[in-house]
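Asker: got a predicted structure plus its sequence, pasted below:
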Amino acid sequence: MNDIALSEAVARPAHVTDAVFFDFDMFSDPALLQDPHARLLNLHKEAPPIFWTPRNSGHWMLIGHKANFEASRDPEMFSNNLLSEDVIAAYEAMMPPGSPRFPRARPITVDPPLHGIYRGPLQKAFSPKSMAALQGKIRILAAELIDAIKPLGKANFMPTVAEPLPVQVFLEIFGLPLERQKVYRALVKEYLENMAGGDQLKGPTMMLKVAAAMRDTLLERKENRRDDVISLLWNSKLEDEEGKEGRDTNLDDLEDYSVLLFIAGLDTVMNGIGLGVVHLAKNPELQRQLRANPKLIPEATEEMLRRYTFTVPPRVVGKDGVFQGVEMKKGDKLMLCLPAADLDGKEYPNPETYDAKRDNNVHIAFGVGPHRCLGSHLARIELNILYEELLGRLPEFHLDPEYPLHYHGGAVIGPDAVHLKWAV
Ligand code: HEM
C-alpha cells in the first residue's frame, strides 16, 4: 500500500473564496492512491468544478469538463510557460561554467505563436501516415513480450510488458539500437521515481540526464540521416513568426524535442496500458467479446481512455481575470484534471459505466486546444495492438488476488503494479 504523507498546506490567498476552497492532495490523497477514478467520481459530488487546494504549494484544480475544455483553449489566460526564460537563465547562471544547457522541452512549454513554430516539425514526424508505417514492428514487439510471460501463468504486467513496449517503440522511432534499452529503461524508472513525490525541482535534473543520454545519437544522426524521427527533425526548418520557412534546426532544438518526446511518450502509454489491462482483467465478459470480435477493440480502447483518462497537465494563470465566475490572479498555478473532466456526469451520462456505444464518445484524454497530444495516433496504435495481441495470445486472465492493486497520483495517474494470472 502506498503511504505518502500529504504535502504541507500553504496559506490561502485573499482572492480565493470559501466557495472555491477544497483541500485535495493530487499526489497523496489516500483514496486517490487506492482507486483514483473512483475518487475522482466522488470528487464531483464533494468539490466545485473549479477549486483551489492548499496542497503542493497551492494551486487551482479544474475538475468540470466545461472548465477543462475552455481553459485548454485559452492559452492567453492559461499559459504553458511555467518556467519563463528569465527563470531558466537564472538557473543556468547558478551552474558551474561549462555545464550543459538546460533543455526546454518545446513545444509543450511555450504558448502561441512561438508554440506553432516548434510544433510544426513534430506534426510531420508524428502524422497518422508515418505512425501507421510502424504497425508491423509494434505488433512484433508486443507479441514477443507477451509470449515471454505466457508460459509462466502469472506476471506483473507493468515491468514485463507495459513499460518495455513504449520504450522499445521509442528506440525504433528514434533509430536507436535495442542495446540502448537498458539505459532508457533505467532512465524511465528514475524519472518515475523522481516525479512520484511531486518534487518539481527534480524535473530539471532529469531533463539534463535525458538530454545527455540522447546527445551522441543526435550528433551521429546529423551526419548519417536515415528514415527515423531524429533524421526528420534534422531535415526540418523552423518557420519564422510570419509562417515563412526560416532557419535549420540545431542541436539545442533536437535536444528540446527529444526530452519532450521521452517525457510525453513513455510513462503515458505505460500507464494507459496498465489502466486498460486492469479493466480487462476485472471484466472477463468484455475479454470474451473482444476475443470473439477483435474489430471492436478500437472502440473499446477509446472508451477505456475516457473511463480511465490519466494525465493532469499544468498551467500558470497568465493574467488577472475571472474564469467561469472564479477570480484568478496572474501567476496562480493550475492543473487541468482531465481524468475528472472525462468522468463529469454533465458531459457523459452514467460516467462510471464502461459503455463503448455511448452517444457522446468524444473524450479529452489527449487534451484539447493548441497543445493537444501529438502522439495520439501512435498511442492509439500501441494500445490497440497491445490489446489485440494480449487477447489473442493469453487465455482469460484475472487480477492475482495475492497482490492488491495500488496506484500513484500526480501528473500521470496509473497502477504501480498489475499482477495477472491465467491458466497454462
Ligand atoms: C495514451 C497515451 C498518451 C496520452 C493520454 C497523452 C496525453 C497528452 C496530453 C493530455 C497532452 C496535452 C498536454 C498539455 O495540454 O499541456 C499531450 C501532449 C503531447 N503529447 Fe501526448 N499523450 C500520450 C502519448 C504520447 C506519445 C506516445 C507521444 C509521442 C511519442 C506523445 C507526445 C506528445 C507531445 C509532443 C505533446 C505536446 C504537444 C504540444 O505541446 O503541442 N504523447 N499528450
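Answerer: Here it is on my side, so go on.
Asker: pull up the residues of the stretch 51-200 of the chain that are close to the ligand.
Answerer: Proximity of the stretch 51-200 of the chain to the ligand is assessed by Cβ under 6 Å from any ligand atom, with 80, 107-108, 119, 122 identified as the residues in range. C-betas here are computed from N, CA, C, even on glycine.
Asker: mind running it again at 8 Å?
Answerer: By the criterion of Cβ under 8 Å from any ligand atom, the positions of the stretch 51-200 of the chain lying close to the ligand are 72, 80, 107-109, 115, 118-119, 122, 126, 166, 169-170, 173.
Asker: now, which of those sits nearest Thr160?
Answerer: Nearest to Thr160 among those, counting by Cβ to Cβ, is Pro166 at 13.3 Å.
Asker: count residues in the vicinity of that closest one, would you?
Answerer: Number of residues near Pro166 (other Cβ atoms under 10 Å) recorded here: 27.
Asker: likewise Lys222?
Answerer: Neighbour count of Lys222, defined by other Cβ under 10 Å: 16.
Asker: just checking, it touches Leu233?
Answerer: No - in this structure, Lys222 is not within contact of Leu233 by Cβ atoms under 8 Å, at 10.0 Å.
Asker: list phi and psi for the closest residue to the ligand within the stretch 301-424 of the chain.
Answerer: Minimum separation of the stretch 301-424 of the chain from the ligand (Cβ to the nearest ligand atom) falls at Gly375, amounting to 2.0 Å. Backbone torsions of Gly375, given as degrees, to the nearest 10, read phi -100, psi 10.
Asker: biggest helix in the protein by residues?
Answerer: Under DSSP state H, the helix in the chain containing the largest number of residues is helix 202-223.
Asker: buried ones in that one?
Answerer: Within helix 202-223, the residues that qualify as buried are 202-204, 206-211, 213-214, 217-218, 221-222, counting by 16 or more other Cβ atoms under 10 Å.
Asker: what about Gly345, is that helix, strand or coil?
Answerer: On the three-state scheme (DSSP: H, G, I helix; E, B strand; the rest coil), Gly345 is labelled coil.
Asker: does it touch Asn360 like I think?
Answerer: No - under the criterion of Cβ under 8 Å, Gly345 makes no contact with Asn360, lying 11.6 Å away.
Asker: between the two, who's got more neighbours?
Answerer: For Gly345 against Asn360, the residue with the higher neighbour count under other Cβ under 10 Å is Gly345, and the figures read 13 against 9.
Asker: re earlier: need the residues touching each of Lys222 and Leu233.
Answerer: Common neighbours of Lys222 and Leu233, using Cβ atoms under 8 Å, 6 or more residues apart in numbering, are Leu254.
Asker: now for whatever residue of the stretch 201-350 of the chain ends up closest to the ligand, how many residues are close by?
Answerer: Distances from the stretch 201-350 of the chain to the ligand, computed as Cβ to the nearest ligand atom, single out Gly265 as the nearest residue at 2.7 Å. Applying the criterion other Cβ under 10 Å, we find 22 residues in the vicinity of Gly265.
Asker: mind checking how far the spatially closest residue to it that is not a sequence neighbour is from Met26?
Answerer: In space, not counting the residues next to it along the chain, Gly265 is nearest to Gly375; the distance is 5.3 Å by Cβ to Cβ, 6 or more residues apart in numbering. According to Cβ to Cβ, to the nearest Å, Gly375 and Met26 sit 23 Å apart.
Asker: now Gly367
Answerer: 17 Å.
Asker: where does Arg106 land on pLDDT?
Answerer: What the model reports as pLDDT for Arg106 is 89.
Asker: wait, it touches Gly120, no?
Answerer: No - the pair formed by Arg106 and Gly120 falls short of the contact definition of Cβ under 8 Å, at 11.3 Å.
Asker: same drill for those two, tell me which one is more crowded.
Answerer: For Arg106 and Gly120, the more surrounded residue by other Cβ under 10 Å is Arg106, and the numbers stand at 21 against 16.
Asker: got phi/psi on whichever residue of the stretch 51-200 of the chain sits closest to the ligand?
Answerer: Of all residues in the stretch 51-200 of the chain, Ile108 sits closest to the ligand, at 3.6 Å by Cβ to the nearest ligand atom. Phi and psi for Ile108, reported as degrees, to the nearest 10, are phi -70, psi -20.
Asker: doesn't Asn80 make contact with it?
Answerer: Yes - the pair formed by Ile108 and Asn80 meets the contact definition of Cβ under 8 Å, at 6.1 Å.
Asker: in the stretch 201-350 of the chain, which spans are strands?
Answerer: Shown for the stretch 201-350 of the chain, the strands assigned by DSSP state E, counting those that start in this stretch span residues 237-239, 245-248, 314-317, 321-323, 326-328, 333-336.
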